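Visitor: Sequence and predicted structure, then a few things I'm wondering about:
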Amino acid sequence: MTIKITLEFSTPAEAVAALQSLQSAAVNAEDDKYRSSLQAKREVAKAAKPKAEKVEKVAPAEQAVVETAEQSAPAVDYPTVQAAILKVANAKGREAALEILSGFGAKAGKELKPEQYEAALAAFNAELEG
């Protein structure tokens, strides 16, 4: 396809000004397209970002219930148990670690339940000491 356009200007300065405005319009169109794409990405990211939860003030009576619940939470977390599993596997071999896990009904550390973490940690530490 061929497009032919004829432009007539009175002065060279007029021609330059017209061509610059055409170039400027093309650049502006590209800028608008880029800005629209950025705005769309920001909106998607904003929609995917979880909103901060409001922190409510707790009455003193409720505070006691919250503190009791926090105290009953397991004192040992999974990364601590995972580190112990790795220590046993490195020191005594993978089979030794798997044998301890099987005693808790697990084939991998991730299968342990949070309430088993403390006992599992004790078992892995005992294996390392023994």
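Guide: Looks like it arrived, so ask away.

Visitor: what helix or strand is Val76 on?
Guide: Val76 belongs to no helix or strand when assigned by DSSP states H and E.

Visitor: For it, grab phi and psi.
Guide: phi -110, psi 130 (degrees, to the nearest 10).

Visitor: That one and Lys113, how far apart?
Guide: Applying CB to CB, to the nearest Å, the value for Val76 to Lys113 is 12 Å. Just so you know, the C-beta spots here come from the backbone N, C-alpha and C atoms, and that holds for glycine as well.

Visitor: Likewise for Ala89?
Guide: As judged by CB to CB, Ala89 and Lys113 stand 20 Å apart.

Visitor: Ok, Glu99 next?
Guide: As for Glu99, its distance to Lys113 is 19 Å (criterion: CB to CB).

Visitor: Compare those two and say which one has the larger neighbour count.
Guide: Glu99 (14 against 11; other CB atoms under 10 Å).

Visitor: distance between the helix or strand harbouring that one and the chain's centre?
Guide: Secondary structure from DSSP H and E places Glu99 in helix 94-103. Helix 94-103 sits 32 Å away from the centroid of its parent chain (CA atoms, centre = their mean, to the nearest Å).

Visitor: Mind listing what's buried along it?
Guide: The neighbour-count check on helix 94-103 (16 or more other CB atoms under 10 Å) flags Ala97, Leu98, Ile100, Leu101 as buried.

Visitor: These: which two are farthest apart?
Guide: Using CB to CB, these span at most 7.4 Å, a distance reached by Leu98 and Ile100.

Visitor: Can you list the residue ranges for helices in this structure?
Guide: 12-48, 60-72, 78-92, 94-103, 117-129 (DSSP state H).

Visitor: Let me have those in CSV, extended by distance to Ile3 and mean pLDDT.
Guide: Below are the helices of the chain laid out as CSV (distance: least, CB to CB, whole Å; pLDDT from 0 to 100):
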stretch, distance to Ile3, mean pLDDT
helix 12-48, 14, 79
helix 60-72, 74, 57
helix 78-92, 66, 92
helix 94-103, 72, 93
helix 117-129, 73, 91
